[in-house]
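Q: Predicted coordinates and the sequence they were generated for:
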Amino acid sequence: MAKMHFVRHGRTVLNEQRRTQGAADSPLTPDGRKGVEICRDYLAGTPLTRAYLSPQGRVQETGSILLEPHPEVVPVNLIGLREYNYGIYDGGPDPEMHAALPAEEHLPPVLAGTHPGAPEGIHARDYLADIDGAIARVMADLRAAVAEGRGDDEEVLIVSHGMTIMTIMSRWIGLEVYGWAPMANCAITSVEVDPTAPDGAPTLIRWAHDPADQGVTFPSKDITSAFEGVVPVPIDWDHPEGL
């Protein structure tokens, strides 16, 4: 078995301004950096062997801090770990985006791969394909480690974004995650996996643990009822990014 530790990036300027980030970017705030440092110290004793990061600036900044106790780990940047592209709503006020794309109406067709995306944004099928390439790459690297006889001690850090981590978890663990605690900045979600199983046979160890007590900057509610009858697109494990 191996472990994956998914961490949402630290709090940013746009987070604190309650503005939609998505494909837009902004640096961590001083409080955001403190939150990442607390998360770093919390994970310092975890024997990380690999790290995968979104190429967006806020994740790069977060990842560099989290990996300070692990100078031997060289992170891999994966396009599929980027945040959802909200198109014309990126950088604008959160209430404007939520009014145009209410979660209970927006997320089900995204997971089903049918949502066309916001204007100037990304179609759901392309978003899911990118995500699948990233998680398939992580699993492919773990399978290679098993083939080399060292898969049991693998501990993987994956630093990404709120919607992207939720999209992975909902399709891998189950849609019930939309009724659980929301992912604060620097929240840690850990999964144990079997790299020899076709889908990794994931077992959830820890959900959205918030060691820095950062809380969330957006309204959240249980929307699991919105997914009744929704069949998410299965994760495609056959096209790992970069391999």
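A: Received the coordinates, thanks.

Q: residue boundaries of the strands in the chain?
A: Using DSSP state E, the strands found in the chain span residues 2-8, 50-53, 76-77, 155-160, 188-193, 203-209.

Q: Kindly reformat these as JSON lines containing mean pLDDT.
A: Converted to JSON lines, these look like this (pLDDT from 0 to 100):
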{"stretch": "strand 2-8", "mean pLDDT": "97"}
{"stretch": "strand 50-53", "mean pLDDT": "98"}
{"stretch": "strand 76-77", "mean pLDDT": "98"}
{"stretch": "strand 155-160", "mean pLDDT": "98"}
{"stretch": "strand 188-193", "mean pLDDT": "98"}
{"stretch": "strand 203-209", "mean pLDDT": "97"}
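
Q: got CSV for those, with mean neighbour count too?
A: Any C-beta I mention is one placed from the backbone N, CA and C, and that applies to glycine too. Shown next, in CSV, are these (neighbours: other CB atoms under 10 Å):
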stretch, mean neighbour count
strand 2-8, 25
strand 50-53, 22
strand 76-77, 18
strand 155-160, 25
strand 188-193, 21
strand 203-209, 16
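
Q: quick one, which of these is nearest to Thr62?
A: strand 155-160 (5.5 Å; CB to CB).

Q: To Asp130, which of the strands of the chain lies closest?
A: With CB to CB, the closest approach to Asp130 among those belongs to strand 155-160: 11.5 Å.

Q: what does that closest one contact?
A: Counting contacts by CB atoms under 8 Å, 6 or more residues apart in numbering, the residues outside strand 155-160 that touch it are 2-9, 43, 46-54, 59, 62-63, 66-67, 73, 75, 81-83, 138, 142, 168.

Q: just how off-centre is it within its chain?
A: When distances are taken as CA atoms, centre = their mean, to the nearest Å, strand 155-160 is centred 9 Å away from the chain's centroid.
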